[in-house]
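[1] Predicted model and sequence below, questions to follow.
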Amino acid sequence: MNVGVKPAGRQRWKLNSSYRSDIISLTVNPFVGVKEMNSLSLKQFQDQVSELLLRHRSLLDVLSKYTQSGAAVQRSVAKGITECGCIQVHAGKQHYSTEMTIEDAKKLLDTHMAGELCENCTEIISAEIGRNLFYTASLCNLLGINLETVLEQESKRCSTLGFFNMS
Ligand SMILES: [Zn+2]
């Protein structure tokens, strides 16, 4: 994709400036080699974030950036609806029933979403999710939490909980 070209008929909205400055501070760091990104593990990502996080080392800074980056993901999706228009929300009451099987639920419960993300929105939302992951890894680093362990435990939780408990 040529990211320099404004998509016809659609306003190309931008990543916020603080994100750009973070990325610049990351890409100029000479101590981190980004190799073999295809097989990047969570452990490697967490170690990479640890080496890169020079600007926001304080727990308070990381906490607020973590929250801000989560809000930015939400905002980027909202922009896909209100500014780009590639997706829409058509929402109404969900009709749950404890008698439902997973197959019934897939048919009857609505995502409330219509349309499909365009290439531009996919790129921007993905970048915001990436930024949120960056601060998730930063928070884990500061608190001594291993992201791979978090993922494994959450995966186990998902496989042991019933469908209707996943709320
Ligand atoms: Zn779009």
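    Cool, the structure landed.

[2] Mind telling me what element the most centrally placed residue in the chain is part of?
    Nearest residue to the geometric centre of the chain (CA atoms, centre = their mean): Ile129, 2.2 Å. Using DSSP states H and E, Ile129 sits in helix 119-143.

[3] Ile145 too?
    Assessed by DSSP H and E, Ile145 sits outside every helix and strand.

[4] Can you tell me how far Ala114 is from Thr136?
    Computed as CB to CB, to the nearest Å, the Ala114 to Thr136 distance reads 30 Å. Glycine gets a C-beta too; all of them are placed from N, C-alpha and C.

[5] can you check Gly130 too?
    In terms of CB to CB, Gly130 sits 10 Å off from Thr136.

[6] could you point out which element follows the helix or strand that contains Glu51?
    Under the criterion of DSSP H and E, Glu51 resides in helix 42-52. Per DSSP H and E, the first helix or strand lying C-terminal to helix 42-52 is helix 59-79.

[7] Apart from its chain neighbours, what residue comes closest to Leu133?
    Closest residue to Leu133 apart from its sequence neighbours, by CB to CB, 6 or more residues apart in numbering: Phe45 at 7.6 Å.

[8] hang on, isn't that neighbour packed against Leu147?
    Yes. Under the criterion of CB atoms under 8 Å, Phe45 makes contact with Leu147 at 7.4 Å.

[9] contacting residues around the residue nearest to Leu133?
    133, 137, 147 (CB atoms under 8 Å, 6 or more residues apart in numbering).

[10] Tell me the one of those nearest the ion?
    Leu133 (21.5 Å; CB to the ion).

[11] How many residues are close by the closest one?
    Leu133: 17 surrounding residues under other CB atoms under 10 Å.

[12] measure Leu142 to Glu99 for me?
    In terms of CB to CB, Leu142 sits 46 Å off from Glu99.

[13] err, Glu154, not the other one
    Distance, Glu154 to Glu99, using CB to CB: 28 Å.

[14] Neighbour count for the two, which is higher?
    The neighbour comparison of Glu154 against Glu99 (other CB under 10 Å) goes to Glu154, with 10 against 6.

[15] Overlap of the contact sets of Phe45 and Leu147?
    Ala137.

[16] Residues of this structure that sit close to the ion?
    Residues of the chain lying near the ion by CB under 5 Å from the ion: 80, 84, 86, 118, 121.

[17] now the protein, which segments are flagged as low pLDDT?
    Residue ranges of the chain with pLDDT under 70: 1-39, 54-56, 162-167.

[18] what about the residue of the chain positioned farthest from its centre, is that helix, strand or coil?
    When distances are taken from the C-alpha mean of the chain, Glu99 lies farthest, 33.0 Å away, according to CA atoms, centre = their mean. The three-state label given to Glu99 by DSSP: H, G, I helix; E, B strand; the rest coil is coil.
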